[in-house]
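Asker: test case, fold it:
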Amino acid sequence: MSIRNKENLRRIHDPISDPTRILMPNTYADFLQRLQDFPDNSVDCREFIAQDWNTRTKPPGSLGRLEPIATWVGEVQHRRQPQVNFPALRLFAGAHGIAAEGVSMCPEHVNAQMVRNFANGGAAINALCRSNGIDFKAYDAGVDCPTANFLQAPAMSEAETVEALLLGWNSVPAFADLFAVGEMGIGNTTPSAAILAAVLKLPVDQITGRGAGLPDDRLAVKIRVIEQALENRKAELTSPLNILASIGGREIAAMTGAMLSAASQNIPIVLDGVISAAAACIAFELEPRMVGKCIAGHRGAEPGQQAFLRHYQLDAVVDLAMRLGEGTGAAVAMGVIHNAVDCLNQMATFESAGVQL
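Answerer: Numbers count the residues shown, from 1 in each chain. Reported below is the predicted structural model:
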């Protein structure tokens, strides 16, 4: 059995990790220090790989988007020969006080039940990670400690936000060469829509979706709750991290921290759906070069995610009408990305195959 498969099997039944309180400074300024010396993508690797594709036994451009996808992997990794040997996905589970406003069809006790399901390997994301050889681990980012109801008060304090960011930052495995994040949190499409509305400056009713299946009357309630919450919190929405704290969630903050950590290590990032989009837009606003470190794994059903893709000019790898979350769209896309890199690395050149045009 390969090292990659052994790693995957070892992780399948890992217990959910409790968030660790790291004894260190816990201000935004302290966290932002980690983003100093943020790396650029490698122009040299991009140009080399783009030319290398033309030496392979195929007509130029005939593999379509697989070619620029593999090129992107190499330019983020700073490798002329990109690699996807150790893909990894980290899932963060949280809870939201805003759920008390009737913005979700699911009861809040489902959070803890799904956390156990992740630990037992029974969720869709477990199956997709096993199928695609993706190292998986789930983290409890506060399932038993819901954020404040941000209709009435800021969702998190500065210290709580930084703690969640650091949980994500420290979750990225050193061996990873392709990375994604997933989530679980009843009601978390509501803070995600609020974040996207605040950052993208779009009307709430244009980017708020049905989540787990809200009917029309409940969707109208969700839109009104978000609109009123943004009005109530508008004085706090002065920076990306203040937005995250005021109207976000612990799992969303952990996802943001994990993305920033992976990018700082030249690890390509595959985005998932609307919750991932909310976390990513905070990261993008903190460090604009983050956009080039990420690829959209899939086009989801939520209008907020679609607005995010348009705003940052991101093209999804797959469009399968998925709307589960958990990182499932990203996991499917990681298989396609792996295929793209394997094609580049395993195809013969015209010279080595003795093919003359």
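
Asker: for whichever strand or helix holds residue 309, buried residues please.
Answerer: Assigned by DSSP states H and E, residue 309 belongs to helix 303-311. Residues 303, 304, 305, 306, 307, 308, 309, 311 are the ones in helix 303-311 that count as buried (16 or more other Cβ atoms under 10 Å). In this view, the C-beta of every residue, glycine as well, is placed from N, C-alpha and C.

Asker: which elements pack onto it?
Answerer: helix 189-200, helix 204-207, helix 274-286 (3 or more Cβ pairs under 8 Å, 6 or more residues apart in numbering; DSSP states H and E).

Asker: dump the buried residues of helix 303-311 to CSV, plus pLDDT and distance to residue 352.
Answerer: Converted to CSV, the buried residues of helix 303-311 look like this (pLDDT from 0 to 100; distance: Cβ to Cβ, whole Å):
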residue, pLDDT, distance to residue 352
303, 96, 48
304, 97, 48
305, 97, 43
306, 97, 43
307, 98, 46
308, 98, 43
309, 98, 39
311, 98, 44
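
Asker: for residue 57, state which of those residues is nearest.
Answerer: Using Cβ to Cβ, residue 309 comes nearest to residue 57 of the buried residues of helix 303-311, at 33.7 Å.

Asker: before we move on, the earlier item: among the helices and strands packed on helix 303-311, which comes closest to residue 82?
Answerer: Across the helices and strands packed on helix 303-311, residue 82 has its closest neighbour in helix 274-286 (21.5 Å, Cβ to Cβ).

Asker: quick check: neighbours of the next helix or strand along the chain from the closest one in the sheet, parallel or antiparallel?
Answerer: Using DSSP H and E, the helix or strand that follows helix 274-286 in sequence is strand 294-298. Its sheet considered, strand 294-298 pairs with strand 269-271 (parallel), strand 316-318 (parallel) by DSSP bridges.

Asker: tally of neighbours for residue 119?
Answerer: 18 (other Cβ atoms under 10 Å).

Asker: which is the succeeding secondary structure element to the strand or helix carrying it?
Answerer: According to DSSP H and E, residue 119 maps onto helix 110-120. For helix 110-120, the following helix or strand on the C-terminal side (DSSP H and E) is helix 124-132.

Asker: residues contacting that next one, please?
Answerer: With contact meaning Cβ atoms under 8 Å, 6 or more residues apart in numbering, helix 124-132 is reached by 8, 12, 87, 89, 91, 118, 121, 134-136, 182, 324, 326-328, 331-332, 334-335, 338.

Asker: buried ones among the residues you listed?
Answerer: If we count by 16+ other Cβ under 10 Å, the contacts of helix 124-132 have these buried: 8, 87, 89, 91, 118, 121, 134-136, 182, 324, 326-328, 331-332, 334-335, 338.

Asker: chain neighbours aside, what residue packs nearest to residue 67?
Answerer: Excluding the flanking residues, the one nearest residue 67 by Cβ to Cβ, 6 or more residues apart in numbering is residue 53, at 5.0 Å.
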